[in-house]
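> I'd like to go over a predicted model; first the sequence, then the structure.
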Amino acid sequence: MSELTFLAQFWEGFHVTNIETNPTSIHFTLEPNSSGRCRCGQLTNSIHDSSWRNIQDATMLGRKVSLAVKTRRIVCPNCGVVTESIRWLEPFARITKRLQSYVEGLLPILPIKHISEVTGLHWHTIKQIDKARLAQQVKAPNWSRVKRLVMDEFALFKGHRYATVIADADTYQVLWIGVGRARQHIRPFFESLGEHCQQIEAVAMDMNTAFDLEVKQHCPQARIVYDLFHVVAKYGREVVDRVRVDQANQLKHDKQARRWVKRSRWVLLKNRDNLNTHQQGYLDELLSMNRDLMVVYLLGEQLKELWYCEDEEQAKNLWQCWWQQVIESGIKPLIAFAQRLKPYLHGITSSAIYRMNTCTLEGMNNKIKLIKRMAYGYRDIEYFFLKIKAAFPGKPR
């Protein structure tokens, strides 16, 4: 009897009437003490009816613990017939607060699948615990202090399904995430921003016309800043790769020279400062023997300088110089790229005023991929987005 009295201390308001044990688990039968407590705090001895509920608790002595708990509906003078309040159990819950707290402590460090194996809980139950935890953890942004934004997209699933993430460029807090990357998909963000749209000074993005047009509609005074990373990556794909392949095709009669050009992709695309001595020698020899590759490589380096000008006037002058050299080069892929880039010049020269880029979001995308990979993907998009927001709460100003 003294043992049962000691164990009852784990479940306030109840006493243990039976214990069943086996090598892996312990099962307790609990019945309430005489008085019942309403959620309003009122104590009463008036019982309407009772029923048994199966509950799971945290492990004890290395064994899983299950409870058969007699729960009651009481007659409260203030609230009428209600289910009694149990301090260690949430209303209608099938796990104790102690087990819930234990799971919440594991969630930041372990995938749901592993926690399920440790606790014996179904993954859906653990997900619901985590979702409720994240909803409390994620704080609403202070919209009055948001002045600059960065926008980017990331893949949700295979098959070209994307989501858009918008973050504060100053604190790196994720402000909003939505499925899709078209104008209508990001419009809810600006509608929720409301009157605060007028205080947005600049928005960094890749060369996405949909993003550009939507920002201009809702934040007409904001400057668009196109990200260097995306432009350089596009230049590498559409110009450097295309010219390299064309040059290799022209060298079919010289197999050694053709192989030399075909294998040059990474030394052409990699920043020169990141090349080792062997790679730098390879690059120098390659450029000296092929005029077109030398031209597109040097003009690619010059294009990057547009993002580091001291003012817009200098950026515009540098663009004119670059444009003239592109036209004189006669290289068709290079000219075609420059013509496509020209309508976006306003977003390039803006970088002279606002030193912004989406590199932070690229880093975020890598962490998003890690979050997605740990869970082997997410069926619940809302839960996935909460995970992302919790991972990027922002830094203090």
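Everything's here; your move. Bear in mind that the values here come from a model prediction, so they are computed numbers and not experimental data. Numbering: from 1, shown residues only.

> Restricting to C-alpha, output the longest helix anywhere in the chain in PDB.
As assigned by DSSP state H, the longest helix anywhere in the chain is helix 312-329. C-alpha atoms of helix 312-329 as PDB (Å, rounded to 0.1, in the frame of the first residue of the first chain):
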ATOM      1  CA  GLU A 312      24.400  54.800 -60.100                       C
ATOM      2  CA  GLU A 313      26.100  57.100 -62.500                       C
ATOM      3  CA  GLN A 314      29.300  55.100 -62.400                       C
ATOM      4  CA  ALA A 315      27.200  51.900 -62.800                       C
ATOM      5  CA  LYS A 316      25.400  53.200 -65.900                       C
ATOM      6  CA  ASN A 317      28.700  54.300 -67.500                       C
ATOM      7  CA  LEU A 318      30.300  50.900 -66.800                       C
ATOM      8  CA  TRP A 319      27.200  49.300 -68.400                       C
ATOM      9  CA  GLN A 320      27.600  51.400 -71.500                       C
ATOM     10  CA  CYS A 321      31.200  50.400 -71.800                       C
ATOM     11  CA  TRP A 322      30.400  46.700 -71.200                       C
ATOM     12  CA  TRP A 323      27.500  46.800 -73.700                       C
ATOM     13  CA  GLN A 324      29.800  48.300 -76.400                       C
ATOM     14  CA  GLN A 325      32.300  45.600 -75.900                       C
ATOM     15  CA  VAL A 326      29.700  42.900 -76.100                       C
ATOM     16  CA  ILE A 327      28.400  44.200 -79.400                       C
ATOM     17  CA  GLU A 328      31.900  44.500 -80.900                       C
ATOM     18  CA  SER A 329      32.700  40.900 -79.800                       C
END
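
> in the stretch 151-300 of the chain, which segments are predicted with low confidence?
Low-confidence segments of the stretch 151-300 of the chain, defined by pLDDT under 70, span residues 159.

> Now do the strands in the protein.
14-21, 25-32, 36-37, 43-44, 47-60, 63-76, 80-83, 148-157, 161-168, 174-179, 202-205, 223-226 (DSSP state E).

> Identify the residues contacting the nearest residue to residue 203 once chain neighbours are set aside.
Excluding its sequence neighbours, the residue lying closest to residue 203 (Cβ to Cβ, 6 or more residues apart in numbering) is residue 149, at 4.6 Å. Placement of C-beta: from N, CA and C, glycine included. With contact set as Cβ atoms under 8 Å, 6 or more residues apart in numbering, residue 149 has these partners: 166, 167, 168, 169, 175, 200, 202, 203, 204.

> out of these, who's nearest residue 38?
Residue 38 has its nearest neighbour among the contacts of residue 149 in residue 175, at 41.4 Å by Cβ to Cβ.

> what residues are up against that closest one?
141, 146, 149, 166, 167, 168, 189.

> In these, find the pair that's most separated.
Of all pairs drawn from the contacts of residue 175, the one with the longest distance (Cβ to Cβ) is 168 and 189, at 12.4 Å.

> Between those two, tell me which one has more neighbours.
Ranked by neighbour count (other Cβ atoms under 10 Å), residue 168 and residue 189 place residue 168 first, with 23 against 19.

> before we move on, back to that, between the strands of the chain, which gets nearest to residue 381?
Here strand 174-179 is closest among the strands of the chain (Cβ to Cβ), at 6.4 Å.

> got the angle for the closest one vs strand 148-157?
40 degrees (axes from the mean of the first three to the mean of the last three Cα atoms, to 10 degrees).

> Return the set of buried residues in strand 174-179.
Across strand 174-179, burial judged by 16 or more other Cβ atoms under 10 Å covers 174, 175, 176, 177, 178.

> Format those as TSV; extra columns: distance to residue 65.
Formatted as TSV, the buried residues of strand 174-179 follow (distance: Cβ to Cβ, whole Å):
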residue	distance to residue 65
174	38
175	42
176	42
177	38
178	42
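
> And the residues you listed, which is closest to residue 225?
residue 175 (17.1 Å).

> ok, so what distance separates the closest one from residue 26?
48 Å (Cβ to Cβ, to the nearest Å).

> Same check on residue 188?
From residue 188 over to residue 26 (counting by Cβ to Cβ), the distance is 50 Å.

> Check the residue nearest to residue 351 when sequence neighbours are not counted and give its pLDDT.
Computed as Cβ to Cβ, 6+ apart, the closest residue to residue 351 that is not its neighbour in sequence is residue 307, at 4.7 Å. Residue 307 carries a pLDDT value of 90.

> And for residue 307, the neighbour number?
Residue 307 has 22 nearby residues by other Cβ under 10 Å.
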